[in-house]
Each structure stands twice: as structure tokens, then as C-alpha cells.
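In: Give me a model of this one.
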Amino acid sequence: MYYQAIAQCTQGMKNLLVWLDKAEQHAAAKKFDVAVLLSSRLAPDMLDFVYQVQSASDYVKGAVAWLSGRKPPKYEDDEKTIGEVRERIRKTIAFAQSVTQSEFADAATQRVSFSWAPGKVMVGPDYLLQMTIPSVYFHLCMAYAILRHNGVDVGKMDYLGPLALIDA
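Out: As a prediction, the model looks like this:
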């Protein structure tokens, strides 16, 4: 379950790369700097597109690390350009794909702590199902919605990415 769930979250990060291509195409066609999209948000009290990508990245790399008994790599959260955002996504994907299925063998017994909940932990299944999956998809949805709201031609199939369709 862990490996497959992380692989699906990682696919969401791969899908983000496609959305960035479409964002660049949109900005070029409309003759504006793509950085406008990177700093866009849906509401005044919401954090911007770059933050949404950083957060999705953090939840993916955090889950990969904590559930496989590692420490997550530290990223500086200083991305400002579309190239830097792409690089962060690629690093996250590479890290996630570097962990094998067998390395999640003890995921069910891993205990994950949080700076915002001192003295409390979550065990592997709860961490995956209650924290990781909802958080990754929340931030992916927000990033998608920001681009869509700004006219970028992304649709549901861009959000879903490749599907495992087989002949009936």
C-alpha cells in the first residue's frame, strides 16, 4: 500500500511538470511573464502557486522518508523562477523513485512526529491516509486551480495524468 500510494503522489508531481509547460505556453501566447503565474493565488489570504508546489513536494518527500525510515532531504524553499520550480519537482520525483518497495516494509510501525504537535506522533497508516495523501492532493489541487483560474489550458486529464487503461 505505501509504495503504491507514494507512487501515485509522485505521479501528481510529474503531472505538475506538464502544467508548467502549459503555463509557459499560455504566458508566451498572451505575452506576459510566466512569473506572474508563479506568484498568483486564488484569494488574498492564500499562499501563492510556488508555495503550493513547495508544500506538495514537502509532503511527498516527507512521506517517502519517514515511511521508509529515512530523513527527508532539506530544500531551501527559495524557488523564484519556473526553472527553479521545475528543478524542485524533479528532485522530489528523483528522491521518491530512489526508494524501493521493500524499503517500506516497516512503514506500518514508523512513528512520525510534528513540530506543531509536541509529544504527539502518528503511526504509518494514519500518517499516510490522514496527512500525506490529503495534503499532497490539496496542494496539487490549489496549484492546478491557480493555473486554471489564470487561463492556463489545463483540464482534468492533465490533473489525472496517464491512466493504467487496459483492453476490456
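
In: Surely residue 33 and residue 24 touch.
Out: No. Shown here, residue 33 and residue 24 do not form a contact pair, counting by Cβ atoms under 8 Å, at 10.5 Å. C-betas here are computed from N, CA, C, even on glycine.

In: if you count residues, which helix in the chain comes out on top?
Out: Longest helix in the chain, counting residues (DSSP state H): helix 2-30.

In: in that helix, what's buried?
Out: By 16 or more other Cβ atoms under 10 Å, the buried positions in helix 2-30 come out as 2-3, 5-6, 9-10, 12-16, 19-20, 23, 26-27.

In: what helices or strands is that helix leaning on?
Out: Applying 3 or more Cβ pairs under 8 Å, 6 or more residues apart in numbering; DSSP states H and E, one finds that helix 2-30 makes contact with helix 35-38, helix 49-67, helix 82-97, helix 133-149, helix 156-160.

In: Which of these has the highest mean neighbour count?
Out: Of all the helices and strands packed on helix 2-30, helix 49-67 carries the top mean neighbour count, a mean of 23, counting by mean count of other Cβ atoms under 10 Å.

In: and the angle from it to helix 82-97?
Out: Between helix 49-67 and helix 82-97, the angle comes out at 20 degrees (axes from the mean of the first three to the mean of the last three Cα atoms, to 10 degrees).

In: pLDDT (mean, whole number) over helix 49-67?
Out: Averaging pLDDT along helix 49-67 yields 98.

In: how distant is it from the center of its chain?
Out: 5 Å (Cα atoms, centre = their mean, to the nearest Å).

In: Could you check the pLDDT of residue 1?
Out: 89.

In: scratch that, residue 88
Out: The per-residue pLDDT reported for residue 88 equals 98.

In: Test my guess that it contacts residue 51.
Out: No. Using Cβ under 8 Å, residue 88 makes no contact with residue 51, being 11.6 Å away.

In: The spatially most central residue of the chain and residue 99, how far apart?
Out: Nearest to the geometric centre of the chain sits residue 56, at 3.0 Å (Cα atoms, centre = their mean). Distance from residue 56 to residue 99, counting by Cβ to Cβ, to the nearest Å: 17 Å.
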